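1. Compute the structure for the input listed below.
(one chain, ligands or ions: 1)
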Amino acid sequence: MVDARTPKASTTLHTPVLLQEVIELLSVQPNDVIVDGTVGGGGHMSALLERLGPDGRYIAMDADATALDRVRARIGQDPRVSYVCGNFRHMTRHLTELDVEAADKILLDLGLSSDQLEGESGRGFSFTSDDPLRMTLRAHTDEGELTAWHVVNEWDETSLADIIYGFGGETRARKVARVIRERREEQPIASARELAELIEAALGRRGKRHPATRTFQAIRMAVNDELGALTEGLEAAKRLVRNGGRIAVITFHGLEDRIVKQAFREWARQGEGTVLTKHPIPSSRDEVLANPRARSAKLRCFEKASTQ
Ligand SMILES: C[S@@+](CC[C@H](N)C(=O)[O-])C[C@H]1O[C@@H](n2cnc3c(N)ncnc32)[C@H](O)[C@@H]1O
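-> Purely as a prediction, here's the structure:
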């Protein structure tokens, strides 16, 4: 059933975070080649396209074909734009297929969009959905591909507790892993709602956040190998960005931010360029009030040296 939070095919529920800060740091020039590795709802894309001239180029990439379809319908025909359905960890291959050898600006805005979290993804990202447990970034999964169902119903209790604590920061991870194991011994856990209700019954409600938030985040990060993709995506971005070009990354998780911080620092130490953000840029209070999702956002930016 389509609920009130489900966007129409060509609209988005997503509000881009740190938009002004991204615009300033990327400092788009009319002829730039921009790679947007996480186009999502296309909010950053719309603003950056406005600053691009007729000879500029915009590569709009997302692992989720549904997100790309939505953006394509919203932006309409634009000869400057190429849409790519793929993971940014394979950015080099995708750009080669488009005959793009280098980029001037690269943007990665990590995690999921509100369309995926709050809309009808059909993949079990939302606590209240009866979707099967998939949680994959890709809209379609191949047979044998890792999904949340496998993690929840097949991983041993210790591995489950380790990711729920390590990726989710859930201090009661052992308890969550134990109730999952006990339930699945009776019958497999089939839907997102069932998993969320099980966790809520075990942990109880404290504060505004749903008690399953951390567990869902951890499972999603494991299913999509999100930290591995980030590490590979950053390396690919560094190779692809032109001298004097910039890479901007927005993270929503401490582990992601640490990977970006360490990569940028290491590149600067090796003389490959300059970190433009000495400290990560957080969202302003006003932005968080207007868009609570921006709460944990941090923006970092690296500029590759002009000559090497
Ligand atoms: C936070 S949203 C981006 C929002 C976008 N900047 C906007 O303004 O609307 C993140 C998007 O990145 C995609 N994504 C996450 N990890 C990805 C990856 N490794 N490769 C490609 N896309 C990815 C998700 O499917 C999602 O659509």
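2. Distance of whichever residue of the stretch 151-300 of the chain sits closest to the ligand relative to residue 208?
-> Of all residues in the stretch 151-300 of the chain, the one sitting closest to the ligand is residue 229 (3.9 Å; C-beta to the nearest ligand atom). Using the backbone N, CA and C atoms, a C-beta is placed for each residue, glycine as well. Separation of residue 229 from residue 208 (C-beta to C-beta, to the nearest Å) stands at 30 Å.
3. who has more neighbours, these two?
-> residue 229 (20 against 7; other C-beta atoms under 10 Å).
4. In which helix or strand does the more buried one reside?
-> Assigned by DSSP states H and E, residue 229 falls within helix 226-240.
5. quick one: average pLDDT of that helix?
-> Mean pLDDT, computed over helix 226-240, is 98.
6. Could you list every helix and strand that it packs against?
-> Using 3 or more C-beta pairs under 8 Å, 6 or more residues apart in numbering; DSSP states H and E, the elements in contact with helix 226-240 are helix 91-97, strand 103-109, strand 241-251, helix 254-269.
7. how does it look with 6 Å?
-> If contacts are counted by 3 or more C-beta pairs under 6 Å, 6 or more residues apart in numbering; DSSP states H and E, helix 226-240 sits against helix 254-269.
8. Next secondary structure element downstream of the helix it packs on?
-> Using DSSP H and E, the first helix or strand after helix 254-269 is strand 273-275.
9. The stretch 151-300 of the chain against the ligand: which residues are in contact?
-> Residues of the stretch 151-300 of the chain found near the ligand (C-beta under 6 Å from any ligand atom) are residue 229.
10. quick one: low-confidence ranges for the stretch 151-300 of the chain?
-> Within the stretch 151-300 of the chain, no range satisfies pLDDT under 70.
11. Give me the distance from the host helix or strand of residue 70 to the chain's centre.
-> Assigned by DSSP H and E, residue 70 belongs to helix 65-75. Relative to its chain's centre, helix 65-75 lies at 16 Å (C-alpha atoms, centre = their mean, to the nearest Å).
12. average pLDDT across it?
-> Model confidence over helix 65-75 averages 92 on the pLDDT scale.
13. List the contacts of the residue of the chain found nearest the ligand.
-> Of all residues in the chain, residue 40 sits closest to the ligand, at 2.6 Å by C-beta to the nearest ligand atom. For residue 40, the contact set (C-beta atoms under 6 Å, 6 or more residues apart in numbering) comprises 14, 67, 113.
14. contacts with the ligand among the residues you listed, please.
-> Under the cut-off given by C-beta under 6 Å from any ligand atom, the ligand has 14, 67, 113 from the contacts of residue 40 close to it.
15. Not counting sequence-adjacent ones, nearest residue to the residue nearest in space to the middle of the chain?
-> With distances taken as C-alpha atoms, centre = their mean, residue 111 lies nearest the centre of the chain, 2.2 Å away. Nearest non-adjacent residue to residue 111, counting by C-beta to C-beta, 6 or more residues apart in numbering: residue 252, 4.7 Å away.
16. what about that neighbour, how many neighbours?
-> Residues within reach of residue 252, counting by other C-beta under 10 Å, total 18.
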